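1. return a 3D structure for these sequence lines:
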Amino acid sequence: MIQQMVKDEKVLPHDKKQLMEAKGYELYNRELVRKVFPRIIAEVRDIRPKSKTGDIIPFYFALLSYIDGNRYRADGSLNGRFGYAFPSQDRIAEMTGVDRKRHKQLTRILKANGILSDVRDYYEGTNRYLWYKPSFCPQISDDGYIVNEDGEKVVPDYSEIIK
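-> As a prediction, the model looks like this:
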């Protein structure tokens, strides 16, 4: 029976199986890259043709790579950062090559499209941190819109974001 399971197991390209078994590997919704990001980029470019909106892609994946996946702290209490990403602005800029000055606009574009569900200011003493809550694997319509929990398309309004 074990031999049959091994025979029936899907062959994965390169070392995907190894990655899936190892820590540090996450899945993402490919339709986000195939449908949603191209739609957003096209919509923003209709408003601002020279926009570098494509930077939302590395920006989003930089945030995904820093999501706190620990529901509980070491002491057993609930972790308030669970599901949030909180890299520093300098770290995001270093990872993506996207200037810090552009992070706010990219954040607003992602939030308007339902890809970020929350962005919080968090203060520790006088230090300010931004906590981002990316939609890890959102539902996506055939025409490239995020579908919210109520089953409605999230249609962005860029009027206050892009001027």
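2. return the set of buried residues in the longest helix belonging to the chain.
-> For the chain, the helix reaching the highest residue count under DSSP state H is reported as helix 100-112. Within helix 100-112, the residues scored as buried using 16 or more other C-beta atoms under 10 Å are 102-103, 105-112. Just so you know, the C-beta spots here come from the backbone N, C-alpha and C atoms, and that holds for glycine as well.
3. start and end of stretch 48-64, how far apart?
-> Using C-alpha to C-alpha, to the nearest Å, the end-to-end distance of stretch 48-64 comes to 27 Å.
4. what's it in contact with?
-> Defining contact as C-beta atoms under 8 Å, 6 or more residues apart in numbering, one finds that stretch 48-64 is touched by 26, 28, 32-33, 37, 40-41, 44-45, 85, 87, 91-92, 95-98, 102-103, 106-107, 109-110, 115-116, 132, 134, 136, 162.
5. do a quick rundown of the strands in the protein.
-> Ranges of strands within the chain are 116-124, 127-134, 139-140, 146-147, based on DSSP state E.
6. packing partners for the first one?
-> In this case it means strand 116-124. helix 100-112, strand 127-134 (3 or more C-beta pairs under 8 Å, 6 or more residues apart in numbering; DSSP states H and E).
7. what's the pLDDT at residue 149?
-> pLDDT, residue 149: 88.
8. same check on the one 3 residues further on?
-> Residue 152 is assigned a predicted lDDT (pLDDT) of 94.
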